[in-house]
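In: any chance you can model this:
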Amino acid sequence: MDAKTSASCDPTVIMTHLRELSSQAASIVRALKYGRVQLGHEEYKSLEAASMDLNKTVATVTEEVKSLGRRRKDAIVAEGQKLLSQAENVKSDMMRTNELKNRVIFIRNMQLFFNPPEGSKLDSPPVQKRKKLTRERCEMIRRLPPSAAIIWAAAFPPSAWDSNIMSKSLFDYVIEFLTPEKDEKELRYPASLYEILTALAAEQPLQNSTEFEAFLANLYNEVGSDHITPRAEQKSHVTGVNEAAQEVIEMAFLVPGSKMDRLLELHSLSANRHSIILTIPIEDRVATVVISIPRDDAIRFGHQFSLPVIFNSNPFSS
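Out: Prediction:
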């Protein structure tokens, strides 16, 4: 938050602005009532439209002041701080360990953010209301900076921010303060997180989501591609291979879901209908990647990033 924005959020500044606006509005009222204003039909229509816009703005300001009061109650602040601390711990742990531990929660949240439940005529009134509130909350999360939405997805299970569990005031409080204040380009996310996002973009229900596509573009622009921690930095457990080759070998695991179809077009299926064997050249040797479960399941559950690799000891010249 820059100095200018911080100053505009000062309560004293806000109250001063409101008093000035109130004074100006009172002057306008006097002019309309006693100023003998002469105007034509079109001028009257424009004046009426402007007054209606002002009325909507005043109503919004009044509601936001009340909402702010509810968000600043001691109980909401205390619970909100606990949730923000939880989110900060998840983020710090992810940066420190280079791992996304709550993988299932992260996937469920991302799918929910960009594919919230649709209403149905068969839904009962309570279900209709709950779905509507969920759609509204998903929209608010989508409006967060991508880095904040990522942290929310990793930190809070969908059940925790369900409208039946988390009050509107508490939800709004967390939304208000979750936005990172430091430079997002300092953040380094594990490669597995980006692999999940890539796989989500290649599958339903997010495959054709323009909002999710824009989210990914904004995320890469926000954090910078040079701040993706590659899996090659993780130590390999493949024995009998020198250290220089380890990094290249690790890259054999980095086959995002969006690229799997292209790879599969180059190779025939094995005799086993649920097995696919890919032979991939890696420097002076060949890596054979064996998928022993249905490919769709492998991609859906993320196993394509942890498949067994068999190394051929024969050099290419042989």
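In: could you measure from the closest residue to residue 211 other than its chain neighbours over to residue 134?
Out: Closest residue in space to residue 211, ignoring its immediate chain neighbours: residue 114 at 5.6 Å, by C-beta to C-beta, 6 or more residues apart in numbering. Heads up, the C-betas are built off the backbone N, CA and C, glycines and all. Note on residue 114: its distance to residue 134, by C-beta to C-beta, to the nearest Å, is 13 Å.
In: repeat that for residue 190.
Out: Relative to residue 134, residue 190 is positioned 28 Å away (C-beta to C-beta).
In: of these two, who's got more company?
Out: The neighbour comparison of residue 190 against residue 134 (other C-beta atoms under 10 Å) goes to residue 190, with 21 against 18.
In: neighbours of the residue lying closest to the more buried one once chain neighbours are set aside, just the number please.
Out: Distances taken as C-beta to C-beta, 6+ apart put residue 98 closest to residue 190, at 4.6 Å, once the chain neighbours are dropped. For residue 98, the number of neighbouring residues by other C-beta under 10 Å comes to 17.
In: and what of residue 133?
Out: As a burial measure, residue 133 scores 16 neighbours (other C-beta under 10 Å).
In: now the helices for the stretch 1-150 of the chain?
Out: Ranges of helices within the stretch 1-150 of the chain are 3-8, 11-34, 41-71, 74-97, 103-114, 125-142, 146-155, based on DSSP state H, counting those that start in this stretch.
In: just those helices: most buried one?
Out: Of all those, helix 146-155 has the most neighbours on average by mean count of other C-beta atoms under 10 Å, namely a mean of 22.
In: list the buried ones in the next helix-or-strand element following that helix?
Out: Using DSSP states H and E, the helix or strand that directly follows helix 146-155 along the chain is helix 168-178. Within helix 168-178, the residues that count as buried by 16 or more other C-beta atoms under 10 Å are 169-175, 177-178.
In: give me the average confidence score over stretch 112-129.
Out: The predicted model assigns stretch 112-129 a mean pLDDT of 93.
In: begin at 3, not 1, for the rest of this chat.
Out: All right, first residue 3 from here; so that's stretch 114-131.
In: show residues contacting that stretch.
Out: 133-134, 136-137, 140-141, 143-144, 151, 155, 160, 207-208, 211, 213-214, 217 (C-beta atoms under 8 Å, 6 or more residues apart in numbering).
In: quick one on the thing from earlier: can I get the buried residues of helix 170-180 in a markdown table with pLDDT and distance to residue 95?
Out: As requested, the buried residues of helix 170-180 are exported to a markdown table (pLDDT from 0 to 100; distance: C-beta to C-beta, whole Å):
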| residue | pLDDT | distance to residue 95 |
| --- | --- | --- |
| 171 | 94 | 28 |
| 172 | 95 | 23 |
| 173 | 96 | 23 |
| 174 | 95 | 26 |
| 175 | 95 | 23 |
| 176 | 96 | 19 |
| 177 | 95 | 22 |
| 179 | 92 | 19 |
| 180 | 90 | 16 |
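In: what is the nearest of those to residue 50?
Out: The nearest member of those to residue 50, counting by C-beta to C-beta, is residue 174 at 33.4 Å.
In: chain neighbours aside, what residue packs nearest to the closest one?
Out: What sits nearest to residue 174 in space, not counting adjacent residues and going by C-beta to C-beta, 6+ apart, is residue 73, at 5.6 Å.
In: wait, what's in contact with that neighbour?
Out: Contacts of residue 73 by C-beta under 8 Å, 6+ apart are 79, 82, 171, 174-175, 178.
In: run through this protein and note the low-pLDDT ranges.
Out: Within the chain, the stretches with pLDDT under 70 are 3-10, 182-189, 225-320.
In: can you pull the domain assignment for it?
Out: Taking automatic domain parsing as the reference, the chain has its domains at 5-73, 76-228, 243-314.
In: state the distance from the closest residue to residue 155 other than its chain neighbours to residue 135.
Out: Once flanking residues are discounted, residue 155 sits nearest to residue 111: 3.8 Å by C-beta to C-beta, 6+ apart. Distance from residue 111 to residue 135, counting by C-beta to C-beta: 16 Å.
In: do the same with residue 125
Out: Counting by C-beta to C-beta, the separation of residue 125 from residue 135 is 13 Å.
In: I'd say residue 72 and residue 171 touch.
Out: Yes. If you go by C-beta atoms under 8 Å, residue 72 and residue 171 touch, sitting 4.3 Å apart.
In: contacting residues for residue 152?
Out: Residue 152 makes contact with 191, 195, 221, according to C-beta under 8 Å, 6+ apart.
In: show me those residues that map onto strands.
Out: Members of these lying in strands (criterion: DSSP state E): residue 191.
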